[in-house]
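Asks: Pasted the sequence and its predicted model underneath.
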Amino acid sequence: MSREPGKEVGIVIGETTPAYAIYLSYEPPRLGEYVVIEHPEGPVLGMVEESLIGNAFLTEDAKDIRAAMKTIEMIGEERLYLKGKVRILSRLEDLVHKQKVRPVKTPPKPGAKVFLADTDTLTKIFVPRGALVLNGEAIYDEESGRGYIRIGTLANNPGVPVYVDVTRMVARHTAILAMTGAGKSNTVAVIADRVSRAFKGTLVLFDFHGEYLDAFPDADYNIVVPRINPNALKLSEIATLANISPSYHKQYRVLRLLYEVVYKKLSQSIEFRNRNFIELMIDIVDDLESMEEEIKSKQPLQQSNKRRKVSKEQVRQIAKEKYGDVADLVARLSDLKKDYLYEVVGKLEDLMLRYKAFLDINAPQYIGNLIVPGKLNVVDLSQVDREGSDVFVAYVARTLLEERKRYVTKGEGYGTPVFLVLEEAHILVPKDEDTNTKRVFSQVAREGRKFGVGICLVSQRPKNIDENSLSQTNNKIILRLIEPEDQRYVQKTSEQLSNELLGLLTSLDTGEAVVLGDFTILPTIVKIDEHKHKTMGRDPDVVREWMARSSKKKSGEPDLFDEFAKMQYGL
């Protein structure tokens, strides 16, 4: 029988529930395809989540291969049976006419006919109402104010485009998860490009490997080179850059006291505000040494330097002249072992050298001068180490959240909603480690919806992402995942991912994804569109490059390695 859409494909058998039904089929059911089932409450739409082929005469407990072969010779293949397990999704009428899901309260009856959903019906379900934008790559509904972007087509019906709700994608947070090479980077590019071009959306794409820097020639984009004014750093961020963990109790105590002194002086003195925060922390220790030497110089000369002691009160009295109200904090530093002071100063000096280009007193302090509203901001983290990336991503995310709070509550601050897309999320939002980014993204996941700050976690190692953060992404785009541990972890953080849908993840083709969550009307399997300027995520053409190098060498072009060997060793 033909599999033409709209044709009858089978009948319901056995016991059913309002959520699931089994049907006998004329041909093997295809995973992920939609079927329409007769129902007392009106036709219902369902998705095939399991496909079975069996033979009543060749059961799984058969043990004799010769007997089995003889059975096949006698009965042929006509005794095969084909079954599909269907997840019942909604009454069809509500989906088609209202684009709303309305589950049924009763199960379909055994013997009910099953039809393959036709293209026209599915189009009415998956294509939102509104005016087409960018030749159909987006849709805007002026009446509701909703915007949608096309992300691809139904994997089993290429004639049906699939759109996602941009507002819900941002406000309810999103995750894009896949094994390496499954199409993750292409999916990110499609979403970022279309949101930016269709709606002038403000996006921040944190790019670890510099693979998106030339991916958006048609979009209004802004390349962000990481630079931070050190005076904008939090204590935990300075500690990260200086490699001073809170578990290093003595060093962290010194750092905290130094931070408090400078922070309070910055708020009191214009002179201090124009100085580098970290340099000021180092200067405090130098000042402390000078004050102690001054105190010792006023003690009786007959006492040796070793016997001359300096009290905290003496330091406090001298520190008052320069440090005013924070002199007590400076005096507390004098009580600490000098080795700890010098260790911290050494680490701060290393920090200044290592992040010389990254920490810039002239860097813009207003976040709008760094993350430009209305543009696709690609943050190039390829030249920054993990600690620097952690600090910069956390700084951008927390500052945007703070500014959006000010805008929503007071009308001042960052005036546009923003979508933060974090590539390699398992690195900066890890499961078993505390990072600045993890703390800030967890806060954004909890509070961002109210203030127009959304996050998108992107990773090829979902099992290594912080469970709390991943579970707060209500929308999931899950491309091929092979490893069982990754699959179970993703299912644990997603209420809509059934065991049957989970089982589909290993069989997805490159670029196919299970899409589910608040931003799509129904769980579905989508063939993601290919980004037309795709350069990211592709495997290097290894053999071609090797052969090209070999050809150059044969053509007489000097080989750099050979030239170096001649210079170094006289070969």
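Replies: Arrived safely. Model, not experiment: these values are computed from the prediction.
Asks: So which bits of stretch 162-171 are buried?
Replies: 162-171 (16 or more other Cβ atoms under 10 Å). (Glycine included, C-beta is placed from N, CA and C.)
Asks: got the domain boundaries for this protein?
Replies: Per the record, the chain has its domains at 8-126, 166-223+363-528, 232-354, 543-571, by automatic domain parsing.
Asks: Check the ones you listed for me: which has the lowest mean pLDDT.
Replies: Of all the domains of the chain, mean pLDDT reaches its minimum on domain 543-571 (a mean of 62).
Asks: Count the residues that sit near Ala21.
Replies: Using other Cβ atoms under 10 Å, Ala21 has 27 neighbouring residues.
Asks: which ones are touching it?
Replies: Remark: with contacts taken as Cβ atoms under 8 Å, 6 or more residues apart in numbering, Ala21 is in contact with 12, 37, 46, 85-86, 88, 107-108, 112.
Asks: again, 6 Å this time
Replies: 12, 86, 108 (Cβ atoms under 6 Å, 6 or more residues apart in numbering).
Asks: can you pick the most crowded of the residues you listed?
Replies: Tallying neighbours with other Cβ under 10 Å puts Val86 at the head of those, with 28 neighbours.
Asks: circling back to that earlier point, compare the domains of the chain and give me the one nearest Ala138.
Replies: Nearest to Ala138 among these is domain 166-223+363-528; the distance by Cβ to Cβ comes to 3.5 Å.
Asks: what distance separates the start and the end of that closest one?
Replies: One end of domain 166-223+363-528 sits 16 Å from the other (Cα to Cα, to the nearest Å).
Asks: With stretch 489-496 instead?
Replies: Stretch 489-496 has its terminal residues 13 Å apart, counting by Cα to Cα.
Asks: what comes into contact with that stretch?
Replies: So stretch 489-496 is contacted by 462-463, 470-471, 476, 497, 502, 516, 523 (Cβ under 6 Å, 6+ apart).
Asks: Give me the distance from stretch 327-336 to the chain's centre.
Replies: How far stretch 327-336 lies from its chain's middle: 43 Å, per Cα atoms, centre = their mean, to the nearest Å.
Asks: Tell me the buried residues in it?
Replies: Neighbour-count burial for stretch 327-336 [16+ other Cβ under 10 Å]: 327, 329-334.
Asks: what do you get for stretch 53-72?
Replies: Buried residues in stretch 53-72 (16+ other Cβ under 10 Å): 55, 71.
Asks: Also stretch 34-49?
Replies: 34-39, 43-49.
Asks: Could you list which of those residues belong to strands?
Replies: 34-37, 44-49 (DSSP state E).
Asks: Would you format the residues you listed as JSON lines with distance to Leu420 included?
Replies: Listed next are these as JSON lines, based on distance: Cβ to Cβ, whole Å:
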{"residue": "Tyr34", "distance to Leu420": "34"}
{"residue": "Val35", "distance to Leu420": "39"}
{"residue": "Val36", "distance to Leu420": "40"}
{"residue": "Ile37", "distance to Leu420": "42"}
{"residue": "Val44", "distance to Leu420": "39"}
{"residue": "Leu45", "distance to Leu420": "35"}
{"residue": "Gly46", "distance to Leu420": "36"}
{"residue": "Met47", "distance to Leu420": "32"}
{"residue": "Val48", "distance to Leu420": "36"}
{"residue": "Glu49", "distance to Leu420": "33"}
